[in-house]
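Novice: Got a predicted structure plus its sequence, pasted below:
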Amino acid sequence: MDAAAKGLTRTGTDARPWNAPAEAILLTSDGVRIHAAHRPAGGPGAAAGRDLAVVVAHGFSGAVERPALQRAAGVLSHYAGVVIFSFRGHGRSGGRSTVGDREVEDLQAAVEWARSLGYRRIVTVGFSMGGAVVVRHAALYGGVAAVATVSAPARWYYRGTAPMRRLHWVVMRPLGRVVGRLGLRTRIDPQEWTQIPVPPVEAAALLAERGIPLLVVHGDSDPYFPLDHPRSLHLAAAAKGSSQLWIEPGFGHAENAADEALLERVGEWLTGAR
């Protein structure tokens, strides 16, 4: 049996998560192969974390192999089992990035894998693009106990900062997509969205209907998205549901800038969220 076929074999619901496979190739509902990895809970709270899994969604150009995502998984494993994965078009996953649209299917495959490993309670945390995806996924699919976003946009097509204008050039222009493939190791779908996905801010407002609490984390030094983005997400979710907003002094952007202390606090919140 080759590695891909082996990874597609699902572990039964009676499996012990701490003895589960370390890696797998998952298949999304639209037929894309997704590379995922599992890290059991380890540390002072390991015993308590055996029923809880944190599924982590990386930012644009991230991947399972990237040090920042590995570091985040290591810190979060102090509180629960952790599943990380590479979005389509990233790392060892197949397909091409749709920059926040079809990526909800990738996250759903990772959530289903975590559940198949024996975890009874699933929470999600996403960084930047992944932050938009976890909010949209929770609104569309439900099935998670809590959601945390870090450095996430509230709306699409934002070009108000120089880094976002550069990112739009990478995504929207043929030469930019070559740069994305060669320089960022990210394969981008050349087809523009035919239907605009539900924006993260609208998805955040739907979380109350599903009873899912939201944590919004953002840095006051984020070079990509100013503070109206996290405030919009927080207000949308808090209007009818449960939401907390952390504006972090000096914090930059996403998993690359998140230090261990911040990741520990996010892990504590995800563990205690009800």
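Specialist: Happy to help now that I have it.

Novice: what about the residue lying closest to His218 once chain neighbours are set aside, is that helix, strand or coil?
Specialist: Excluding the flanking residues, the one nearest His218 by CB to CB, 6 or more residues apart in numbering is Pro230, at 3.6 Å. The C-beta positions use only the backbone N, C-alpha and C, and glycine is treated the same way. Secondary structure assignment for Pro230 (DSSP: H, G, I helix; E, B strand; the rest coil): helix.

Novice: Look up the pLDDT of Pro230 for me, please.
Specialist: Looking at Pro230, its pLDDT reads 98.

Novice: List the residues that contact it.
Specialist: Applying CB atoms under 8 Å, 6 or more residues apart in numbering to Pro230 gives the contacts 149, 152, 154, 216-218, 245, 247.

Novice: Could you pull up the mean pLDDT of the helix or strand Leu167 falls within?
Specialist: Using DSSP states H and E, the element containing Leu167 is helix 162-172. Regarding helix 162-172, the rounded mean pLDDT is 95.

Novice: Check stretch 182-193 too.
Specialist: The model assigns stretch 182-193 a mean pLDDT of 94.

Novice: Stretch 22-34 too?
Specialist: For stretch 22-34, mean pLDDT is 96.

Novice: What of stretch 141-148?
Specialist: Stretch 141-148 carries an average pLDDT of 96.

Novice: Can you give the distance of it from its chain's centre?
Specialist: 12 Å (CA atoms, centre = their mean, to the nearest Å).

Novice: Need the CA coordinates for that stretch. CSV is fine.
Specialist: The C-alpha trace of stretch 141-148 is given here as CSV (Å, rounded to 0.1, in the frame of the first residue of the first chain):
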residue,chain,number,x,y,z
TYR,A,141,-20.6,23.4,8.8
GLY,A,142,-20.9,23.8,12.6
GLY,A,143,-19.7,20.7,14.5
VAL,A,144,-16.9,22.6,16.5
ALA,A,145,-17.1,23.7,20.1
ALA,A,146,-15.2,27.0,19.7
VAL,A,147,-13.3,29.1,17.2
ALA,A,148,-10.3,31.4,17.5
